[in-house]
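Engineer: 3D model of this:
(chains A and B)
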Amino acid sequence: MDTRIQDLIDNATKESKGISILNTADQLESFYLSNVDKYKDWRAIASIEDWLPVNPEFLQEFRKKLSDNGVETRVIFKESGLKYEVAVLPRRHVKVVPDSYNFKSSIDILDDKILIMNPHQTVLGLVLESKVLVDVFIDMFDMLWSQLPENA
Amino acid sequence: MHNPMHEYGKANWEKLWEQLEQQGNVGIDYVINPYLYPRLVSLLADRPKSLAADFGCGTNLMGIQLLFGYAPSIPAFEGLQNVDQARFNTLLYVGIEGSQTLVDQANRYLSDVGNPRNIGTVQMHIGKDLEKLFDDNTLDVCTSRNFLMHLSLEDLKVHMQYVADALKPGGSYVFATLNPEYELLKAGRPLAEGERYEFSHGAHGEYGTFYHYYKSREFYESTIQKRFTIEETVSCVPKTDRFQNSHERYYDSNIPMAYVYSLKVKK
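Structural biologist: Here you go, the predicted structure:
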């Protein structure tokens, strides 16, 4: 391979894009699976009822994968989402907000990126790789988490 | 040593070509691209992390337009739903161009858009002297637009073999090339197979004079079919009536200005 081509390929593969778009369920699953063993903490604010129809089996399997990989997982969702907590998983912690909240998007907050997902939009998911944004979202999540009561 | 095979046009051809690409051109924007872009977008939308090569890319404006252009203002994107998917999927789009002048301009354009990581331009003359830029089985999609006319008979054969080697199994080559019958019409005289002749761009040559090697459709297709299956050939005729008065020559469906070929490598 010509070194100029190899350099272009190396550059393209190693650099993050900043903003990436996920258009299909496969791409969404690929995002989750490719990150499941990369982080120690996983924060999420989720609308479970809107996420589940994308792939119900995958969501439950992924929760278990996070637990199996020792990822400290904290999730905030609407109270009605509790019925989808089918098992007590080590290192998985959930808190709820009242169902009076109407959000339909879900946000996964990782150390270096955020996924905003909404199955009702043209674009299924938006991945933002921005240190500035991630810092704000982590602090906002932690602030919210600290204000919510522990589940009974 | 100066190689006349690497002269693609008469004096000042690079500047004129750059102007043509920058200012827009009815033949490219409204005749060829509406057939070429949808097929490229469709291929890229189906191939995650794809590696694409554009042979004879000029200033790589096609790559820049495909990956970053404002879709609503690009006629060839009209009605396409999967442009975002194609852009997301493109790991790297490499333009290959023989003119260092045009490559330098391409790099200035890319600098203007922030040097994105997923597009680049490389200088290399394409023909029987081409060194291997790509390893075998590397590329997902290849393309070229109004480039093959510049290749001699032998260079075309080598180019097709080269592309076939570089493509992965299942890879595709989608290209646009002038209709040989249209070339005869413009030349106004018979042309022999492989004859090097001067082609005038524009109704009166106002966009420059370029050197083409005339190749009949039969020669093209027999060369192609040694390594590729021709999946589709479409005639490029304007989809709009806007230019019927100013560019009447493009509206003859019996002698379309160009064809877009969609090839699948035989591997």
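Engineer: Count the neighbours of B:Gln244 for me.
Structural biologist: Using other Cβ atoms under 10 Å in any protein chain shown, B:Gln244 has 11 neighbouring residues. Every residue, glycine included, has its C-beta placed from N, CA and C.
Engineer: Do I have it right that it meets B:Tyr251?
Structural biologist: Yes - counting by Cβ atoms under 8 Å, B:Gln244 does reach B:Tyr251; the two are 5.7 Å apart.
Engineer: got a list of what the residue of the stretch 151-267 of chain B found nearest chain A touches?
Structural biologist: Closest residue of the stretch 151-267 of chain B to chain A, Cβ to the nearest Cβ: B:Ala166 (10.0 Å). B:Ala166 makes contact with B:53, B:133-139, B:142 under the criterion Cβ atoms under 8 Å, 6 or more residues apart in numbering or on different chains.
Engineer: Most neighbours among those, which one?
Structural biologist: Using other Cβ under 10 Å as the neighbour criterion, B:Cys142 leads these with 28 neighbours.
Engineer: And that one, how far from B:Asp84?
Structural biologist: From B:Cys142 over to B:Asp84 the distance is 22 Å, taken as Cβ to Cβ, to the nearest Å.
Engineer: related to what we said a few turns ago, in a markdown table, list the contacts of B:Ala166 along with secondary structure, pLDDT and distance to chain A.
Structural biologist: Shown next, in a markdown table, are the contacts of B:Ala166 (DSSP: H, G, I helix; E, B strand; the rest coil; pLDDT from 0 to 100; distance: Cβ to the nearest Cβ, whole Å):
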| residue | secondary structure | pLDDT | distance to chain A |
| --- | --- | --- | --- |
| B:Ala53 | strand | 97 | 9 |
| B:Leu133 | coil | 88 | 4 |
| B:Phe134 | coil | 92 | 6 |
| B:Asp135 | coil | 92 | 5 |
| B:Asp136 | coil | 94 | 10 |
| B:Asn137 | coil | 96 | 11 |
| B:Thr138 | coil | 96 | 7 |
| B:Leu139 | strand | 97 | 10 |
| B:Cys142 | strand | 98 | 13 |
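Engineer: I would like the residues contacting the lowest-mean-pLDDT helix or strand in chain A, please.
Structural biologist: Here the helix or strand of chain A ranked lowest by mean pLDDT, DSSP states H and E is strand A:19-22, holding a mean of 82. Residues outside strand A:19-22 that contact it (Cβ under 8 Å, 6+ apart): A:28, A:31, A:115, A:117, A:123-129, B:84-85, B:88.
Engineer: partners of that strand in the sheet?
Structural biologist: strand A:125-128 (antiparallel) (DSSP bridges).
Engineer: Using CSV, write out every CA atom in the partner strand.
Structural biologist: This file holds the C-alpha atoms of strand A:125-128, laid out as CSV (Å, rounded to 0.1, in the frame of the first residue of the first chain):
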residue,chain,number,x,y,z
GLY,A,125,-29.4,8.3,17.5
LEU,A,126,-26.8,11.1,17.7
VAL,A,127,-23.4,10.5,19.2
LEU,A,128,-21.6,13.6,20.4
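Engineer: What is the subsequent helix or strand relative to it?
Structural biologist: Next along the chain after strand A:125-128, taking DSSP states H and E as the criterion, comes helix A:131-147.
Engineer: Flag every residue of chain A that's near chain B.
Structural biologist: Residues of chain A lying near chain B by Cβ under 8 Å from any Cβ of the partner chain: A:1-2, A:4-5, A:8-9, A:11-13, A:15, A:17, A:20-23, A:27, A:123.
Engineer: quick one: which of those residues sit in strands?
Structural biologist: Judged by DSSP state E, strands contain the following of the residues of chain A next to chain B: A:20-22.
Engineer: how about the helices in the stretch 51-200 of chain B?
Structural biologist: B:61-68, B:83-89, B:100-112, B:153-166, B:180-187 (DSSP state H, counting those that start in this stretch).
Engineer: do you know which of these lies nearest A:Ile138?
Structural biologist: Closest of the helices of the stretch 51-200 of chain B to A:Ile138 is helix B:83-89, at 25.7 Å (criterion: Cβ to Cβ).
Engineer: Distance from that closest one to the middle of the chain?
Structural biologist: Chain-centre distance of helix B:83-89: 20 Å, with Cα atoms, centre = their mean, to the nearest Å.
Engineer: So, low pLDDT: which residues of chain A?
Structural biologist: A:15-17, A:152 (pLDDT under 70).
Engineer: returning to that earlier point: looking at the contacts of strand A:19-22, which has the most residues close by?
Structural biologist: A:Met117 (25 neighbours).
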